[in-house]
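Student: Predicted model follows, preceded by the sequence.
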Amino acid sequence: MEGLPLNMIHMPNLLQNIANTIVFIMLVNRIYISIIRWSAVRQYFVIGILFGAAGLISMNMPIHVGDGIIVDLKAVLAGMSGLLGGPVSAALTFLLVGSYRVYLGGIGMVPGLVCIAAAALAGSFLHVFINKKPVNLRRMWWVPILLGLFIVLVQMSTTLMFPSHIRNDLIREFTVPLLIVYPLSAVVFHYFITVEWVRYRDTLIDRITQLPRYERMQGKWERMIKQRQPFALVILNVERLRTVNDMYGIQAGNDLLRECGGRLTDHLPTGGLVCRLDGHDFAVSLPFFDTVQASIWITETKEKLSAPYWLEGSPCSVTFGTGLALYEGGDASLEDLFLQAETALRHAMDSGMNQTVSYESRLTEQIRYRTRLEKDLGFALERGQFHLSYQPQFELETGKLRGFEALLRWSHPDWGPISPAEFIPLAEQTRLIIPIGDWVLKTACDMAMKLNLNGTGVTMAVNVSAVQLLEPDFPNQVSVTLLNSGLNGDLLELELTESTMVQSFEKAADQLQRLKECGVRLALDDFGVGYSSLSYLRRLPFDLIKIDRSFIEDIGRSHDDRMTKSIIDWVRELRYGIVAEGLESYDQLYWLKQWKCDIAQGFLFSKPMPEDDLLQYLRQLMPFPLPGHGSDTGGMPSTL
């Protein structure tokens with residue numbers, strides 16, 4: 001140390017003081033795992049005691065300047081206690097450190113207490129100020145630097161309380177070291193508390209909901225299984241959360257998850273445990289031994305969870321898919337139990353919205369079937385297992401052929417025809433619908449050209465998935481397909497369901513407008529079973545409304561058929577074309593004509609047909625396959 005300048009001679013001792021204090025903080029950091037679920041006030045008490053103890057350690061390794069004058073890190077530790085824990089922590093640290101400083105006595109006692117108090121107050125002020133703003137303290141590295149510089153200023157100011165010869169020595173020997181060490185130590189202490197503690201916390205506590213993560217609850221559940229303590233495991237999935245994120249923003253979705261977690265916690269029975277899983281899921285264990293008790297709790301809880309959430313001043317309701325598995329005290333592992341609950345949840349979500357499914361062994365076989373189906377679906381396109389069937393549509397007033405709807409069919413090599421209701425949702429979930437939908441669009445347009453539809457007014461309708469529509473390049477893809485096939489844009493009709501609009505309304509509206517610029521016609525499919533909102537209909541450029549087949553089935557069977565008439569009247573008022581799908585009887589045909597429905601399709605006219613059968617059907621239907629090719633006599637059978 002003899003070679004050091006006078007104003008740097010104490011630097012090694014100060015750095016050694018920092019190192020010793022850091023070792024203490026790192027050791028004490030291990031206790032955070034135990035207090036992580038404590039209330040904020042209790043955690044502030046721990047922070048105050050931690051920094052107070054660190055201050056005592058620092059004061060026992062000081063630099064002695066003279067009788068009763070010591071230089072250490074006690075003021076920095078008091079300031080950091082206030083910054084990280086607020087007034088409660090700062091007060092505790094000041095009490096511990098200040099008491100010991102009074103015990104040591106000497107002429108430096110009063111200046112030391114003043115410096116400790118000023119640092120604690122400054123840290124508390126910064127804590128309160130920062131907590132009023134949505135900032136991340138871990139990224140605000142400049143805050144501890146400013147606090148350290150402030151403490152140096154206060155420390156140097158308190159030298160005015162000393163005799164001039166002592167004051168001059170202190171300023172000469174310690175100004176530069178303190179300007180370096182105090183901000184440095186503040187940053188280092190800040191790191192080891194905020195970054196290390198937050199790292200532990202993020203491992204065990206979900207930052208959004210403040211609920212334990214699976215990793216924290218895993219040990220408790222494994223102990224319950226080891227002790228053969230029966231319980232029910234429930235996994236709840238927040239349905240349509242992505243829609244909430246699209247409509248209100250990610251922060252609103254996080255607020256909804258946070259309130260969901262709070263409602264779940266409030267409704268837990270004694271002995272129940274809850275944690276947040278990844279994504280949209282929560283896991284709950286219940287001290288119930290049978291499905292009936294667990295199902296009653298699930299029903300009551302879902303009622304509470306489904307009550308409206310207020311997002312940006314508007315009420316928003318969500319539903320929950322639920323999977324239930326029971327541990328009855330056997331040899332099953334926690335991994336097996338979660339697999340069963342997740343299998344049940346998957347079946348619940350496949351069954352519709354807001355469903356609950358209890359695990360049964362047969363569900364595992366169904367999952368295996370679905371997994372095989374998903375795998376084979378990935379190769380179906382390249383192996384030529386898809387084909388299109390075409391169902392004709394007719395004008396009810398004139399009886400003329402109006403168009404065709406192209407319907408995708410899959411012939412599995414082992415299981416034969418697979419229902420579209422089974423493989424289309426799977427294709428959407430895996431995004432295989434994008435290449436499959438591209439093939440459907442191109443094949444349908446090529447078929448339209450094979451039928452010479454240009455100039456006839458007869459359209460070719462193709463169903464479009466929400467996954468396809470929301471692809472940024474989809475309108476360009478449609479335009480290129482029309483160009484390559486040679487089909488006129490006004491003869492291509494794209495059908496979309498109401499759920500497609502709801503998933504991301506603004507983006508969907510923009511995509512639909514771009515599609516209209518390509519010249520295609522747009523139809524809203526399955527109208528009446530979703531939201532059926534007049535407000536969004538007026539904002540979207542649809543040409544046709546297709547009434548869901550469930551309303552057509554009611555015609556002539558119940559008084560509910562008046563609703564069908566009301567829907568037709570309502571749509572006509574909005575000046576949209578109306579298509580009725582699922583027409584199967586002459587009674588339905590009669591009433592649809594009476595109610596001025598424009599177009600219909602269904603088994604009464606024809607089932608969907610593959611290409612060869614369609615060509616044969618058209619030859620039998622009329623002398624000339626299509627209207628506009630030299631004959632006005634073509635049309636539907638005379639029964640219409």
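Tutor: It's in.
Student: could you point out the longest strand in this protein?
Tutor: The residue-count maximum for a strand in the chain (DSSP state E) belongs to strand 401-412.
Student: Neighbouring strands - and their directions - for that one?
Tutor: As defined by DSSP bridges, the strand partners of strand 401-412 come to strand 386-395 (antiparallel), strand 416-418 (antiparallel), strand 459-463 (parallel).
Student: so what's the residue of the chain most remote from its centre scoring on pLDDT?
Tutor: Relative to the C-alpha centroid of the chain, counting by C-alpha atoms, centre = their mean, H165 is the outermost residue, at 66.5 Å. In the predicted model, H165 carries a pLDDT score of 82.
Student: any idea which helix or strand carries it?
Tutor: Secondary structure assignment for H165, by DSSP states H and E: helix 164-190.
Student: can you map out the strands along the stretch 401-550 of the chain?
Tutor: For the stretch 401-550 of the chain, the strands identified by DSSP state E, counting those that start in this stretch occupy 401-412, 416-418, 459-463, 492-497, 521-527, 544-547, in order along the chain.
Student: Sort out which residues of the second one are buried, please.
Tutor: For strand 416-418, the neighbour count (16 or more other C-beta atoms under 10 Å) marks I418 as buried. (Each C-beta comes from the backbone N, C-alpha and C, glycine too.)
Student: gap between that strand and the chain center?
Tutor: Using C-alpha atoms, centre = their mean, to the nearest Å, we find the averaged C-alpha position of strand 416-418 to lie 34 Å away from the chain's own average C-alpha position.
Student: Pull up the gap between the closest residue to W221 other than its chain neighbours and K220, please.
Tutor: Computed as C-beta to C-beta, 6 or more residues apart in numbering, the closest residue to W221 that is not its neighbour in sequence is L334, at 5.2 Å. Using C-beta to C-beta, to the nearest Å, one obtains 10 Å as the distance from L334 to K220.
Student: between the two, which one's more packed in?
Tutor: It is L334, of L334 and K220, that has more neighbours when counted by other C-beta atoms under 10 Å, with 19 against 12.
Student: Contact partners for the more buried one?
Tutor: L334 is in contact with Q218, W221, E222, I225, counting by C-beta atoms under 8 Å, 6 or more residues apart in numbering.
Student: and with 6 Å instead?
Tutor: When the contact criterion is C-beta atoms under 6 Å, 6 or more residues apart in numbering, the partners of L334 are W221, E222, I225.
Student: Next up, phi/psi of the first one, please.
Tutor: Yep, that's W221 we're talking about. Phi and psi for W221, reported as degrees, to the nearest 10, are phi -70, psi -40.
Student: and it, how many residues sit next to it?
Tutor: W221 has 21 neighbouring residues, counting by other C-beta under 10 Å.
Student: Equivalent analysis for the last one, please.
Tutor: Using other C-beta under 10 Å, I225 is surrounded by 19 other residues.
Student: can you give me phi and psi for the closest residue to it other than its chain neighbours?
Tutor: If the residues on either side of it in the chain are set aside, I225 comes closest to L334, at 5.8 Å by C-beta to C-beta, 6+ apart. Listed backbone geometry of L334 is phi -60, psi -40, with angles given as degrees, to the nearest 10.
Student: separation between L334 and L233?
Tutor: Between L334 and L233 the distance, using C-beta to C-beta, works out to 9 Å.
Student: cool, and Q429?
Tutor: In this structure, Q429 lies at 24 Å from L233, with C-beta to C-beta as the measure.
Student: Between the two, which is the more surrounded one?
Tutor: With neighbours defined as other C-beta under 10 Å, Q429 and L233 compare such that L233 has more, 24 against 13.
Student: would the more buried one count as being in a helix?
Tutor: No - with DSSP: H, G, I helix; E, B strand; the rest coil as the criterion, L233 is located in strand rather than a helix.
Student: For the stretch 201-350 of the chain, which segments are assigned as helices?
Tutor: In the stretch 201-350 of the chain, the helices defined using DSSP state H, counting those that start in this stretch lie at 214-226, 241-248, 250-266, 291-305, 334-350.
Student: Identify all contacting residues around the fourth one.
Tutor: Meaning helix 291-305. Identification of contacts with helix 291-305 by C-beta under 6 Å, 6+ apart yields A232, R263, H267, L286, F288, F320, T322, L324, T356, S358.
Student: Looking at those, spot the one nearest L149.
Tutor: Sorting those by how near they are to L149, with C-beta to C-beta, puts R263 at the top with 46.4 Å.
Student: where does that closest one land on pLDDT?
Tutor: Looking at R263, its pLDDT is 93.
Student: how much space between it and C275?
Tutor: Between R263 and C275 the distance, using C-beta to C-beta, works out to 15 Å.
Student: More neighbours: which of the two?
Tutor: For R263 versus C275, neighbours defined as other C-beta under 10 Å are more numerous around C275 (25 against 15).
Student: Let me see the contact set for the more buried one.
Tutor: By C-beta under 6 Å, 6+ apart, C275 lies in contact with L211, P212, R213, Y214, M217, A283.
Student: Which strand residues bridge it?
Tutor: In this structure, C275 has beta-bridge partners A283, where bridges are defined by DSSP bridges.
Student: any idea how far T299 is from it?
Tutor: Using C-beta to C-beta, one gets 21 Å for the distance from C275 to T299.
Student: Repeat that for V440.
Tutor: Separation of V440 from T299 (C-beta to C-beta): 41 Å.
Student: between those two, who's got more neighbours?
Tutor: For V440 against T299, the residue with the higher neighbour count under other C-beta under 10 Å is V440, and the figures read 22 against 11.
Student: Burial check on the spatially closest residue to the more buried one that is not a sequence neighbour, number of neighbours?
Tutor: Of all residues beyond its chain neighbours, the one nearest V440 is L408 (5.5 Å), with distances taken as C-beta to C-beta, 6+ apart. For L408, the tally of surrounding residues (other C-beta under 10 Å) stands at 21.
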